[in-house]
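1. Below are the sequence and a predicted model for it; my questions follow.
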Amino acid sequence: MITYPIKQISLEEAINLQFKLVDIIQSVFRGHELLEAGDYGVSLELGRPKTTAKVEKVLAKFFDAEDSALVRGAGTGAMRLVFNSLLKPLNTLLVHDAPVYPTTQNLMDMMGLKLLKVNMNNLDSFDILKNTKVDAVLIQHSRQKPDDSYELEKVIKVIKSITNVPIITDENYVVMKAPYIGVQLGADVSVFSMFKLLAPEGIGCVVGKKYIIDEIRKLTYSGGSQVQGPEAMEALRSLVYTPVSLAIQAMQVDEIVNRLNTGEIKGVKKAYVANAQSRVVLVKFEKPIAAKVLKYAEEMGAVPYPVGSESRYEIGAMFYRVSGTFIENNPDIKNYVIRINPMRAGADTVIRILKEAVKKSLT
């Protein structure tokens, strides 16, 4: 198995990203507003809470976008609203030739979208756009298959050189990890869940072209559809802490892989850094003991399944099966491979739990 993990920012870069975000916050908000919870309701001037509007302004500036919108329904809700803004039932959507993230597939099915699949790992595949009409393009920034290697910036540039159809990028598990997200690289709109960035559950974010955000605001004009001021402020305050936290997490991922590949645990054949969906350690065993390892690891404190993933509730290292899209692409992988996300744990904790779980599984 060969993996092509997405380049992640260093700890120093993460610190600078935190400082950039705070600087923008202090350029948008007055000092006393940073000590307030935020307002509620559909304000007469803006049609949404004033505090939410300010948070959205911060996010747009931070991601170098024309505008942004906080929405309900986390990443799935954000994607639904983008689809509703840009597409009509039975439209054609160009996607990567790989298993689609399940919640996104549900949205496609509900709209009856026709999918044109191309291998995004091969840039020549996009030549089909020269004589085939599509209504939009969806690119998942994170990986859908272990051997995905496409670079988001190159894919966007090639598409834009052929056609001007809207490009949507799904940024879940990549925001505050990669140097840039899709909208910063030329995409029309980027979508992600704030819940995966330590924010309260249920909040999604869309950043991109103003005409798309304007349409989303029309679709979510009612008070019950609004992300209220206190929620927006809590999401923003949480976001400040994510770059450094995720950079530390990435450092542990690298250390775990290096230690496993030097033979620290008997029974481990190989370890890989992979984006599946989040940036994790994939551990491949010499024997089909994956299910047993997960069972014993949970008994020793390993978290057995995700919440967000990478939400504010996830502190302990997670030992879990490989992602559904990976299994769909290669069913037998579930018997030999597990994924480990250290979350807030250190490499020593992960190695300790894994060593004991493998030992029990082999006896």
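-> It's in. Numbering: from 1, shown residues only.
2. tell me how far the lowest-mean-pLDDT helix or strand in the chain is from the chain's mean position?
-> Every helix and strand of the chain was ranked by mean pLDDT, DSSP states H and E. The lowest is helix 324-329, at a mean of 71. Centre-to-centre, helix 324-329 and its host chain are 17 Å apart (C-alpha atoms, centre = their mean, to the nearest Å).
3. what's the pLDDT at the spatially most central residue of the chain?
-> Closest residue to the average C-alpha location of the chain: Asn172 at 1.5 Å, with C-alpha atoms, centre = their mean. We have a pLDDT of 92 for Asn172.
4. Isn't it up against Asn275?
-> No. Asn172 lies out of contact with Asn275 (C-beta atoms under 8 Å); the separation is 10.6 Å. Yep, even glycine has a C-beta here, placed from its N, CA and C like the rest.
5. Helix or strand for the residue nearest to the centre of the chain, just tell me which one.
-> For Asn172, there is no host helix or strand (DSSP states H and E).
6. Not counting the helix or strand harbouring Asp348 itself, show me its contacts.
-> Element membership of Asp348, judged by DSSP H and E, is helix 347-362. Contact partners of helix 347-362, identified using C-beta atoms under 8 Å, 6 or more residues apart in numbering, comprise 252, 255-256, 259-260, 264-268, 281, 283, 285, 287, 289, 292-294, 296-297, 300-302, 317, 319, 340, 342.
7. Quick one: distance of that helix to the chain centre.
-> Using C-alpha atoms, centre = their mean, the offset of helix 347-362 from its chain centre is 28 Å.
8. Show me which positions of it end up buried.
-> Going by neighbour count (16 or more other C-beta atoms under 10 Å), the buried part of helix 347-362 is Ala347, Thr349, Val350, Ile351, Ile353, Leu354, Lys355, Glu356, Ala357, Val358, Lys360, Ser361.
9. Can you pull the domain assignment for this structure?
-> 11-240, 243-362 (automatic domain parsing).
10. coming back round to it: okay, and which of the contacts of helix 347-362 map to strands?
-> Val268, Val281, Val283, Phe285, Phe319, Ile340 (DSSP state E).
11. Test my guess that the third one contacts Ile338.
-> Yes. At 5.4 Å, Val283 and Ile338 qualify as touching, with contact defined as C-beta under 8 Å.
12. May I see the buried residues of helix 347-362 organised as JSON lines, with pLDDT and distance to Tyr180 added?
-> Formatted as JSON lines, the buried residues of helix 347-362 follow (pLDDT from 0 to 100; distance: C-beta to C-beta, whole Å):
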{"residue": "Ala347", "pLDDT": "98", "distance to Tyr180": "28"}
{"residue": "Thr349", "pLDDT": "98", "distance to Tyr180": "32"}
{"residue": "Val350", "pLDDT": "98", "distance to Tyr180": "29"}
{"residue": "Ile351", "pLDDT": "98", "distance to Tyr180": "33"}
{"residue": "Ile353", "pLDDT": "98", "distance to Tyr180": "35"}
{"residue": "Leu354", "pLDDT": "98", "distance to Tyr180": "33"}
{"residue": "Lys355", "pLDDT": "98", "distance to Tyr180": "38"}
{"residue": "Glu356", "pLDDT": "97", "distance to Tyr180": "40"}
{"residue": "Ala357", "pLDDT": "98", "distance to Tyr180": "37"}
{"residue": "Val358", "pLDDT": "98", "distance to Tyr180": "38"}
{"residue": "Lys360", "pLDDT": "97", "distance to Tyr180": "43"}
{"residue": "Ser361", "pLDDT": "97", "distance to Tyr180": "41"}
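13. With distance to Ser245 as extra columns, can I get the residues you listed in a markdown table?
-> Putting the buried residues of helix 347-362 into a markdown table (distance: C-beta to C-beta, whole Å) gives the following:
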| residue | distance to Ser245 |
| --- | --- |
| Ala347 | 16 |
| Thr349 | 16 |
| Val350 | 16 |
| Ile351 | 21 |
| Ile353 | 21 |
| Leu354 | 22 |
| Lys355 | 26 |
| Glu356 | 27 |
| Ala357 | 26 |
| Val358 | 28 |
| Lys360 | 31 |
| Ser361 | 31 |
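14. So, low pLDDT: which residues of the stretch 201-350 of the chain?
-> 276, 325 (pLDDT under 70).
15. can you tell me how far Leu138 sits from Val189?
-> 10 Å (C-beta to C-beta, to the nearest Å).
16. out of the two, which sits in the more crowded spot?
-> A count of neighbours by other C-beta atoms under 10 Å puts Val189 above the other of Leu138 and Val189, at 27 against 24.
17. picking up where we left off before, tabulate the domains of the chain (TSV), appending distance to Thr3.
-> As requested, those are exported to TSV (distance: least, C-beta to C-beta, whole Å):
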stretch	distance to Thr3
domain 11-240	5
domain 243-362	4
